[in-house]
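Colleague: starting from these lines, generate the structure:
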Amino acid sequence: MSTDYIADNPINLEALGNFNHQGVWVDTKEEDGVILTDGTHYLHAETNPEIYSVNIDHETKEARLDYSHQYQGIMFTRYGRNDPEKIIAAIEDYFKVKLVSEHEEAFDELAG
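Modeller: Take a look at the predicted model:
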């Protein structure tokens, strides 16, 4: 299981690539983003990810992911049982943003 987050205001990828604030730092730099850690938990940050929507097939009652669009920004993703709260708080404090979870109504508006 994973949870995606996006910021309510743009974040500079270069600044994120050198992030070190409140005990949170860059663990790994990747071609399209970074992985942040607090030493125990991790939060992935990816630039320009594809956005999918969940749709239910009314005949089979099965859920399927349908491609929606390319998001023009940084998406943060928590995988598994990671608890990214400390990492999220550090990002929000440093960049003066709010990270919005995919479970919040504002997520779809921000993702465009």
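
Colleague: pull the distance from the strand or helix carrying residue 87 to the chain's centre.
Modeller: Element membership of residue 87, judged by DSSP states H and E, is helix 85-95. How far helix 85-95 lies from its chain's middle: 12 Å, per CA atoms, centre = their mean, to the nearest Å.

Colleague: pull out the buried residues from that helix.
Modeller: Buried residues in helix 85-95, counted by 16 or more other CB atoms under 10 Å: 86-88, 90-91, 94-95. From N, CA and C alone the C-beta is placed, and that goes for glycine too.

Colleague: same question, stretch 40-48
Modeller: For stretch 40-48, by 16+ other CB under 10 Å, it's 41-47.

Colleague: re the thing from before, what sits up against the helix holding residue 87?
Modeller: The contact list for helix 85-95 (CB atoms under 8 Å, 6 or more residues apart in numbering) reads 5, 7, 9, 11, 15, 19, 21-24, 36-38, 41-43, 76, 97-99.

Colleague: low pLDDT regions in this protein?
Modeller: Along the chain, the parts satisfying pLDDT under 70 run over 48-55, 64-71.

Colleague: which parts of it are helices?
Modeller: 13-17, 85-95, 105-111 (DSSP state H).

Colleague: can I get these in JSON lines with distance to residue 61?
Modeller: Shown next, in JSON lines, are the helices of the chain (distance: least, CB to CB, whole Å):
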{"stretch": "helix 13-17", "distance to residue 61": "40"}
{"stretch": "helix 85-95", "distance to residue 61": "34"}
{"stretch": "helix 105-111", "distance to residue 61": "23"}
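
Colleague: how close does the residue lying farthest from the centre of the chain sit to residue 10?
Modeller: What lies farthest from the middle of the chain is residue 59; by CA atoms, centre = their mean that is 32.6 Å. Going from residue 59 to residue 10 by CB to CB, to the nearest Å gives 41 Å.
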